[in-house]
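Participant: Quick check, what structure comes out for this input:
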Amino acid sequence: MSETFFEVVPDAPWGDYGTVLFHGNVSRAPHFRGAVAEEVELCRVGPFLPPVTAPSGALVLTEEVAAYFETEGFATNGMRPCSIGKVVNVDISKWDLSASEPAKHPAGGEPENYIDRRKHSEKTAANLPPLFWVDASAMYGFPMSKLVEGLRETPPVTDIFRTGFTHFVSSRLKDWLAGHAGDFLSFKAVGNDGSD
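Facilitator: Model prediction:
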């Protein structure tokens, strides 16, 4: 029987606005041209922080979730401390998530401006819990269009891997993540049986 893997997709209300508000972004992503991992620096709004986020090119966990993650025995290339970069005070915890638009739009209208056009808040940054990023070194050096073929030829030995900026997880890890961050992540099946 062949394993099905799932693409990890950041999920949030309000399209790109919500993606920036709930997941943030990384100013330094893991090295994508080999097995060497670099530091990940997260930039985001606070104080609200989902337990699992998927900013561009990383999967970031709070310390509490990271401990559970390791206890469950998921096969990864390890977890590394995540540096905190720019954090701005935008309290989205009181916003109506069912609204069709965010309560406030950023200056200039671009989603990244929630972070880029606001000042860093030491107080908000200091109140974030310790964060860790999952080292999911690139396992496939081919384009996404060849992923299914690659999974058939060389199945991954870990529960998480990535191709470029996109992370994929095993069925077991997908179920676990859905239970811990289901409101902020969605998953798209990609089977190594030739289906996607």
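
Participant: Am I right that S93 sits in a helix?
Facilitator: Yes: under DSSP: H, G, I helix; E, B strand; the rest coil, S93 falls within a helix.

Participant: Identify the residues contacting it.
Facilitator: The contact partners of S93, by CB atoms under 8 Å, 6 or more residues apart in numbering, come to 47-48. Any C-beta I mention is one placed from the backbone N, CA and C, and that applies to glycine too.

Participant: and with 7 Å instead?
Facilitator: For S93, the contacting residues are F48, by CB atoms under 7 Å, 6 or more residues apart in numbering.

Participant: Roughly how far does it sit from G182?
Facilitator: Going from S93 to G182 by CB to CB, to the nearest Å gives 18 Å.

Participant: Repeat that for A54.
Facilitator: 13 Å.

Participant: Show me which of the two is the more surrounded one.
Facilitator: Between A54 and G182, A54 has the larger neighbour count (other CB atoms under 10 Å), namely 26 against 13.

Participant: Now for the nearest residue to the more buried one once chain neighbours are set aside: which residues touch it?
Facilitator: Leaving aside its chain neighbours, A54 sits nearest to P10 (4.3 Å; criterion: CB to CB, 6 or more residues apart in numbering). Residues near P10 by CB under 7 Å, 6+ apart: 19, 23, 54, 185.

Participant: let's see it at 10 Å
Facilitator: Going by CB atoms under 10 Å, 6 or more residues apart in numbering, P10 touches 16, 18-20, 22-24, 50, 53-56, 59, 184-186.

Participant: just checking, what packs against the strand or helix carrying E149?
Facilitator: If you go by DSSP states H and E, E149 is part of helix 147-153. Other elements packing on helix 147-153 under the criterion 3 or more CB pairs under 10 Å, 6 or more residues apart in numbering; DSSP states H and E are strand 4-10, strand 160-163, strand 166-170, strand 185-191.

Participant: Sort out which of the contacts of P10 are in helices and list them.
Facilitator: 16, 18-20, 22-23 (DSSP state H).

Participant: most neighbours, which of those?
Facilitator: V20 leads the ones in helices among the contacts of P10 on contacts (other CB under 10 Å) with 28 neighbours.

Participant: how much space between that residue and C43?
Facilitator: From V20 to C43 the distance is 10 Å (CB to CB).

Participant: okay, and the common contacts of the two?
Facilitator: 55, 112, 115-116.

Participant: low-scoring pLDDT stretches of the protein, where are they?
Facilitator: Applying pLDDT under 70 to the chain flags residues 1-2, 28-38, 137-148, 191-196.

Participant: is it true that A99 touches P13?
Facilitator: Yes: under the criterion of CB atoms under 10 Å, A99 makes contact with P13 at 7.5 Å.

Participant: Cheers, nothing more for now.
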